[in-house]
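Colleague: below are the sequence and a predicted model; questions follow.
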Amino acid sequence: EEGSEQDDSVKQAVNETAEPPKFVIQDDNNYGFTKEETEKLKVTGEKHEFQTEVSRLMKLIINSLYKTREIFLRELISNASDAIDKIRFLSLTDPNALSAAPTLNITIWTDKDNKVLTIADSGIGMNKKQLIENLGTIAKSGTSEFLNAVEDKKADMNLIGQFGVGFYSVFLVADKVVVTTKNNEDKQYIWESHAVNDFTIAEDPRGNTLGRGTQIQLFLKDDALEFLDDGVLRGLILKYSEFINFPIWLWTTQTQVVEVSDEKTEDTEVKKESTDDKKDNDDLDQPEIEDVTDKPEEKKEKKTETIEVPGWELMNTQKPIWTRDPKNITDYEYENFYMSFAKDSNLPLAWTHFKAEGEVEFKSIIYIPGKAPEGLFQKVQDYSRNVKLFVKRVFITDEFLDFVPKYLAFIRAIIDADDLPLNVSRETLQQHKFLQLIQKRIIKKCLDLIADLSKDEEKFTKFLSEFGTSLKVGAIEDNKNRKKIAQLLRFPSSYKGSNSTSIDDYISRMKKGQDAMYFITGASVEEVQNSPFVEGLVARGYEVLYMVEPIDEMLVQHMPGHGGKMFKNIAKGEFKFENEDLAEVQKLRSRFTKLIDNMQSTLIDQVEKIEVSARLTTSPCAVVATDWGWTGNMEKIMAAQAFKQENPLLKEFYAKQKKILEINPNHPLILGLLERAENDSFDADTKEMVRVLYETTLIRSGYSLKDNLKYAARVEKILRTNLGVDLNAEAEVNVTPAEDADKDETKGKVETEDLFEEQDDDSTDPTKPVIRDEL
Ligand SMILES: Nc1ncnc2c1ncn2[C@@H]1O[C@H](COP(=O)(O)OP(=O)(O)OP(=O)(O)O)[C@@H](O)[C@H]1O
């Protein structure tokens with residue numbers, strides 16, 4: 001796509017802004033105050049306390065032995081770039097927005113004598129209110145959690161940028177920070193802090209020196225003076241500026257070897273040399289730094305001289321990666337770009353870079369992160385900020401409410417569109433026809449990307465472990481794409497102990513005459529594997545899908561089938577096998593009528609009907625939910641929900657629903673009961689056994705008992721009967737009552753911790769009192 005129209009506009013944009021800054025840096029430049037001004041500052045400065053969280057954060061930062069302190073530079077460059085994005089966006093609708101400082105750039109310089117590092121931008125700046133709020137409070141949720149985690153050494157300071165507190169990282173390297181800022185709507189203000197507790201704000205006595213933007217001066221700690229070094233700074237800025245869309249200029253001194261004519265070198269010549277140097281830098285296809293040392297000497301001896309040339313050095317090319325030809329971009333570049341724009345310290349799992357053409361034209365890179373962000377499904381109101389929209393390289397917004405559906409909220413994407421009108425407000429933008437077309441394309445691309453990923457087993461396994469639930473949410477919510485998503489779902493199954501089978505693979509293995517896809521739900525594979533429902537099917541050679549995630553129950557409700565086959569919950573409703581001999585079944589049923597009647601009258605409150613089972617082989621019976629009732633698993637899920645929502649009514653309603661008991665006509669226990677029914681010896685003891693059998697079956701079928709104590713009492717009764725022990729005999733109680741504590745002893749308060757310590761130390765010393773029981 002080299003040479004395309006888009007690229008021309010890119011070049012133009014770059015050339016427009018890549019003019020070196022007009023000002024030059026001299027010692028004590030730009031932050032010197034006259035005596036009077038300093039006095040005025042002292043008088044007018046207002047003291048503000050930091051919000052508690054900020055103070056806590058500062059203490060952590062100041063005391064941190066965090067090695068990669070350099071991240072402060074990444075945060076400041078990123079903030080500066082955001083600020084320029086904002087003013088550029090405003091300028092789309094307000095042509096005067098830029099006039100106070102038309103060149104959009106970031107400038108960085110040092111003052112070695114005073115140990116000051118300065119980072120300035122011609123961004124939007126802050127008015128007084130914003131200054132107090134932005135650099136004094138933390139609004140983002142989750143900050144406390146982050147602080148706790150850092151305090152417990154469970155989280156890394158590197159994550160600071162993700163919590164919207166990146167600015168404060170300046171105190172990793174500085175003990176005093178001065179922020180001078182000018183917004184179009186307000187006067188120029190100075191913010192100053194020595195960290196921890198408070199900061200002062202004052203109107204700048206020098207007036208408006210910035211035009212517009214923000215200048216941050218770091219008074220470096222004595223152990224952080226390496227950040228004054230040109231080489232160190234250059235390396236760091238190159239590292240962090242690669243994906244910044246605005247020119248970043250560093251004031252450096254470069255040594256140059258120049259020819260000296262016999263006449264004395266004049267000042268003007270040096271200046272000429274330095275501007276030529278600039279020109280080279282402006283040529284964006286060339287590396288920024290020209291190697292000027294060691295030029296081969298010509299035979300004809302010419303006098304040379306090494307001179308120091310101070311000037312602005314351009315640090316980045318600002319050609320956005322998404323506008324480049326994918327053929328020329330390495331994986332390493334894609335990964336670095338991801339980590340930089342997504343502020344994620346993990347590598348991405350996969351990405352796709354494409355140019356959409358047709359109804360709507362845009363370039364995009366979509367990433368799947370390596371790890372699911374925390375609270376993926378919890379964020380309801382908050383903008384997910386996962387999609388950044390640019391129009392012709394101008395950043396427009398990342399504040400979309402569900403640009404992609406919630407189930408795809410984990411993706412990170414850059415979209416750069418050509419056709420969007422630049423003057424629509426952000427609020428109406430999302431409704432814009434073009435944007436909706438883009439949305440559709442992005443969703444399709446996401447699903448294609450995941451489908452591609454599914455061809456790489458290792459990566460797909462990783463993907464499913466992070467985002468498998470998201471896919472299921474997709475199959476539930478996205479009617480249009482359900483079929484596509486269903487092909488990506490994986491379930492454990494009884495097939496050769498497989499823990500990941502696709503529905504299509506299941507269908508390809510279905511047996512002759514099998515008209516439904518058998519599945520069972522439960523809390524774990526171990527649990528459902530041993531369920532009485534599975535045994536008969538597996539024994540007959542049928543495959544059963546194990547749906548062991550809570551969301552699976554909902555999934556099959558919304559997706560009753562796939563590929564022309566319906567799902568069948570094997571723990572629910574009636575069950576017939578294709579090759580079942582109906583006459584045989586009828587005969588069996590009539591043989592068990594008497595037993596069924598007896599059992600039915602025993603379990604009248606709980607069981608709706610009793611059936612002779614076709615699905616059981618080794619278990620005596622199973623409890624089956626009616627077609628419209630809840631399985632044991634569903635009951636447990638709903639119980640947990642009801643508990644959360646404090647709405648037990650629904651749960652109770654369903655728990656009261658009668659169930660179907662299926663009995664295994666070949667099981668010796670059932671045959672034993674049948675004999676009693678046929679001999680008319682179905683006495684009280686037998687009925688008690690039927691109750692125990694029913695309750696045990698409930699447990700095996702995945703249900704909870706309504707009354708555990710009654711169940712235990714029944715089992716005990718059977719044990720007594722079998723052992724020939726009197727049903728009413730009681731255990732002899734022979735205990736020594738505990739003595740009242742000595743009053744004096746209770747006076748001395750014992751710390752809980754001490755108690756635990758003693759317990760450990762003295763557990764082998766029989767002379768010491770055992771405190772455990774008292775505890
Ligand atoms: N150079 C700047 N120009 C204008 N506003 C700024 C600048 N630096 C910071 N701010 C303001 O201060 C706020 C706080 O900055 P901070 O770096 O602590 O968090 P953030 O930028 O919101 O989040 P993150 O660190 O994740 O980028 C910013 O949101 C922005 O409004």
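Modeller: Perfect, I can see it now. The structure displayed is predicted, hence computed values, not measured ones.

Colleague: going forward, measure contacts and count neighbours with C-alpha atoms only.
Modeller: Noted.

Colleague: and the helices in the stretch 451-600 of the chain, which stretches?
Modeller: Along the stretch 451-600 of the chain, the stretches classed as helices by DSSP state H, counting those that start in this stretch are 457-477, 482-486, 503-508, 525-529, 532-539, 550-558, 582-591, 593-602.

Colleague: sorry, slip of the keys, the one I care about is the stretch 201-350 of the chain.
Modeller: Counting by DSSP H, counting those that start in this stretch, one finds helices in the stretch 201-350 of the chain at the ranges 230-241, 267-282, 331-341.

Colleague: which stretches of the stretch 401-550 of the chain have low pLDDT?
Modeller: Under the criterion pLDDT under 70, the flagged ranges of the stretch 401-550 of the chain are 422-427, 497.

Colleague: in it, what residue lies closest to the ligand?
Modeller: Checking the stretch 401-550 of the chain residue by residue against the ligand with CA to the nearest ligand atom singles out Arg412 as nearest, at 15.2 Å.

Colleague: circling back: looking at the helices of the stretch 451-600 of the chain, which is buried most?
Modeller: Here the criterion is mean neighbour count by mean count of other CA atoms under 10 Å, and of those the winner is helix 532-539, at a mean of 20.

Colleague: so what does it touch, helix or strand wise?
Modeller: strand 621-624 (3 or more CA pairs under 8 Å, 6 or more residues apart in numbering; DSSP states H and E).

Colleague: mind redoing it with 10 Å?
Modeller: For helix 532-539, the contact count by 3 or more CA pairs under 10 Å, 6 or more residues apart in numbering; DSSP states H and E identifies strand 516-521, helix 525-529, strand 621-624, helix 684-700 as packing neighbours.

Colleague: can you tell me which of the helices of the stretch 201-350 of the chain the model trusts least?
Modeller: In terms of average pLDDT, helix 267-282 trails the rest of the helices of the stretch 201-350 of the chain, at a mean of 43.

Colleague: alpha carbons of stretch 676-691, as PDB, please.
Modeller: Extracted in PDB, the C-alpha atoms of stretch 676-691 (Å, rounded to 0.1, in the frame of the first residue of the first chain):
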ATOM      1  CA  ARG A 676     -41.000 -58.000  48.900                       C
ATOM      2  CA  ALA A 677     -43.700 -56.200  46.900                       C
ATOM      3  CA  GLU A 678     -44.800 -59.400  45.300                       C
ATOM      4  CA  ASN A 679     -44.900 -61.300  48.600                       C
ATOM      5  CA  ASP A 680     -46.800 -58.500  50.200                       C
ATOM      6  CA  SER A 681     -44.000 -58.000  52.700                       C
ATOM      7  CA  PHE A 682     -43.400 -54.300  52.000                       C
ATOM      8  CA  ASP A 683     -43.300 -53.400  55.700                       C
ATOM      9  CA  ALA A 684     -42.300 -50.300  57.500                       C
ATOM     10  CA  ASP A 685     -38.600 -51.300  57.400                       C
ATOM     11  CA  THR A 686     -38.700 -51.800  53.700                       C
ATOM     12  CA  LYS A 687     -40.300 -48.400  53.300                       C
ATOM     13  CA  GLU A 688     -37.600 -46.900  55.300                       C
ATOM     14  CA  MET A 689     -35.000 -48.500  53.000                       C
ATOM     15  CA  VAL A 690     -36.800 -47.100  50.000                       C
ATOM     16  CA  ARG A 691     -36.500 -43.700  51.500                       C
END
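
Colleague: now the strands for the stretch 151-300 of the chain?
Modeller: Ranges of strands within the stretch 151-300 of the chain are 174-182, 188-193, 198-203, 213-220, 248-259, based on DSSP state E, counting those that start in this stretch.

Colleague: and the nearest residue to Phe390 once chain neighbours are set aside, how far from Ile366?
Modeller: In this structure, Phe390 finds its nearest non-sequential neighbour in Asp416, 4.4 Å apart by CA to CA, 6 or more residues apart in numbering. When CA to CA, to the nearest Å is applied, the distance between Asp416 and Ile366 equals 12 Å.

Colleague: sorry, back to before: adding distance to the ligand, write the helices and strands packed on helix 532-539 out as JSON lines.
Modeller: Compiled in JSON lines, the helices and strands packed on helix 532-539 are given as follows (distance: least, CA to the nearest ligand atom, whole Å):
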{"stretch": "strand 516-521", "distance to the ligand": "42"}
{"stretch": "helix 525-529", "distance to the ligand": "41"}
{"stretch": "strand 621-624", "distance to the ligand": "53"}
{"stretch": "helix 684-700", "distance to the ligand": "50"}
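
Colleague: tell me the most buried of these?
Modeller: Looking across those with neighbours counted as mean count of other CA under 10 Å, the highest average goes to strand 621-624: a mean of 28.

Colleague: next one: that strand to chain centre, how far?
Modeller: 41 Å (CA atoms, centre = their mean, to the nearest Å).

Colleague: for that strand, packing partners?
Modeller: Based on contacts counted as 3+ CA pairs under 10 Å, 6+ apart, the elements that strand 621-624 packs against are helix 532-539, strand 607-612, strand 659-663, helix 684-700.

Colleague: rerun that using 8 Å as the cut-off
Modeller: Under the contact definition 3+ CA pairs under 8 Å, 6+ apart, strand 621-624 sits against helix 532-539, strand 659-663, helix 684-700.

Colleague: what angle separates the next helix or strand after it from strand 516-521?
Modeller: Helices and strands here follow DSSP states H and E; after strand 621-624, the next one along the chain is helix 632-645. Direction vectors for helix 632-645 and strand 516-521, defined by axes from the mean of the first three to the mean of the last three CA atoms, to 10 degrees, enclose an angle of 50 degrees.

Colleague: could you give the angle of helix 632-645 to helix 550-558?
Modeller: Here helix 632-645 runs at an angle of 110 degrees relative to helix 550-558 (the same axes, to 10 degrees).

Colleague: report all helices and strands that helix 632-645 contacts.
Modeller: Right, helix 632-645 is packed against helix 648-655 by 3+ CA pairs under 8 Å, 6+ apart.

Colleague: what residue is smack in the middle of the chain?
Modeller: Compute the mean C-alpha point of the chain, and by CA atoms, centre = their mean the closest residue is Pro373, 0.5 Å away.

Colleague: any idea what the closest residue to the ligand within the stretch 201-350 of the chain is bridged to?
Modeller: Across the stretch 201-350 of the chain, no residue is closer to the ligand than Thr214, which sits at 5.2 Å (CA to the nearest ligand atom). Beta-bridge pairing of Thr214, defined through DSSP bridges, involves Asp121, Thr181.

Colleague: how near is it to Ala101?
Modeller: 11 Å.

Colleague: looking at the two, which one has more neighbours?
Modeller: Each of Thr214 and Ala101 had its neighbours counted (other CA atoms under 10 Å), and the higher figure belongs to Thr214 (26 against 15).

Colleague: the more buried one contacts Thr180, correct?
Modeller: Yes. Shown here, Thr214 and Thr180 form a contact pair, counting by CA atoms under 8 Å, at 5.7 Å.
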